[in-house]
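1. Need the 3D shape of this:
(one chain, ligands or ions: 1)
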Amino acid sequence: MAPVAPRSGDAIFANVERVNAELFTLTYGAIVRQLLTDLEEVEEVNKQLDQMGYNIGIRLIDEFLAKSNVSRCVDFKETAEVIAKVGLKMFLGVTASVTNWDVEGTTCSLILEDNPLVDFVELPDTCQGLYYCNILSGVVRGALEMVSMKTEVTWLRDMLRGDDAFELQLKLLKQVPEEYPYKDD
Ligand code: MYR
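-> Now for the predicted structure:
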């Protein structure tokens with residue numbers, strides 16, 4: 001029998017991370033599959049995934065702000081960069097590029113070349129209208145609402161639908177000014 005070579009701590013840690021990522025991906029797949037069974041209509045599943053993401057996003061923002069030490073962004077451009085380079089990295093292990101800005105600086109796209117949520121996923125013909133990653137758009141919308149930004153977050157391109165990348169459009173609808181909590185007397 002061949003001797004078993006001891007593995008370094010780094011190798012074991014990398015393996016645990018990979019297994020965690022796969023477990024996360026497979027668990028998400030199981031949730032989507034269950035929703036498809038329960039709700040039957042693909043449109044309803046899209047809505048439900050977005051709502052689930054929103055509910056996660058409004059809580060996750062606290063963890064994000066605490067762990068990232070990110071301070072207030074000066075404008076929406078900076079916010080989009082923070083989501084693309086820090087937020088996605090922290091929670092999904094990937095980054096995105098930010099592009100397609102409109103002249104007002106209120107609409108842009110995040111382009112994800114890599115998306116761990118869709119590893120192992122292939123949509124059957126019956127699910128063609130499904131926005132499989134709608135949980136992510138909901139997370140971003142919920143998180144931004146907690147820092148006073150009302151947004152519309154929409155998938156414009158989706159590799160599961162045959163596109164060449166994942167493109168998530170962020171549209172800033174309204175920036176609610178934060179009220180100073182104390183009266184100046
Ligand atoms: C601020 O101006 O207060 C900072 C705003 C930073 C918002 C960052 C939102 C992070 C959302 C994480 C998305 C993760 C998706 C998996």
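
2. Can you point out the buried residues in stretch 32-50?
-> 32, 35-36, 42, 45-50 (16 or more other Cβ atoms under 10 Å). From N, CA and C alone the C-beta is placed, and that goes for glycine too.

3. Ok, stretch 68-87 next?
-> So, applying 16+ other Cβ under 10 Å, buried residues of stretch 68-87: 76, 79-84, 86-87.

4. for these, which one is nearest the ligand?
-> Closest approach between the buried residues of stretch 68-87 and the ligand, by Cβ to the nearest ligand atom: Gly87, at 2.8 Å.

5. where do the helices sit along the chain?
-> Counting by DSSP state H, the chain has helices at residues 9-39, 42-68, 76-82, 88-92, 134-146.

6. Tell me which of the ones you listed sits nearest to Val103.
-> With Cβ to Cβ as the criterion, Val103 lies closest to helix 76-82 of the helices of the chain, at 12.3 Å.

7. which other residues reach that closest one?
-> By Cβ atoms under 8 Å, 6 or more residues apart in numbering, the residues outside helix 76-82 that reach it are 68, 70, 73, 98, 101, 105-106, 108, 110, 144, 147, 149, 170, 172, 175.

8. out of those residues, which touch the ligand?
-> Near the ligand, judged by Cβ under 6 Å from any ligand atom, the entries from these are 70, 73, 147.

9. Distance to Leu123 added to these, as TSV?
-> As requested, these are exported to TSV (distance: Cβ to Cβ, whole Å):
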residue	distance to Leu123
Val70	35
Cys73	35
Val147	33
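
10. how about the residue most central in space within the chain, what does it touch?
-> Centroid check for the chain by Cα atoms, centre = their mean gives Leu136 as the closest residue, at 3.3 Å. Listed by Cβ under 8 Å, 6+ apart, the contact set of Leu136 reads 53, 92, 117, 168.

11. Show me what the last one bridges to in the sheet.
-> Per DSSP bridges, the residues bridged to Leu168 are Leu110, Trp155.

12. still on that earlier bit, which ones among the contacts of helix 76-82 map onto strands?
-> 98, 108, 110, 149, 170, 172, 175 (DSSP state E).

13. pLDDT added to these, as CSV?
-> Below are those laid out as CSV (pLDDT from 0 to 100):
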residue, pLDDT
Val98, 98
Cys108, 98
Leu110, 98
Met149, 97
Leu170, 98
Leu172, 98
Gln175, 92
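
14. how about these, which pair is most distant?
-> The largest separation in the ones in strands among the contacts of helix 76-82, counting by Cβ to Cβ, is between Leu110 and Gln175 at 18.7 Å.

15. More neighbours: these two, which one.
-> Leu110 (24 against 16; other Cβ atoms under 10 Å).

16. contacting residues around that one?
-> Counting by Cβ under 8 Å, 6+ apart, Leu110 has contacts 80, 83-84, 88, 96-98, 167-168, 170.

17. Kindly give a single PyMOL line that selects the buried subset of these.
-> Buried subset of the contacts of Leu110, written as a PyMOL selection, criterion 16+ other Cβ under 10 Å:
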select buried, resi 80+83+84+88+96+98+167+168+170
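
18. I am finished for the moment; much appreciated.
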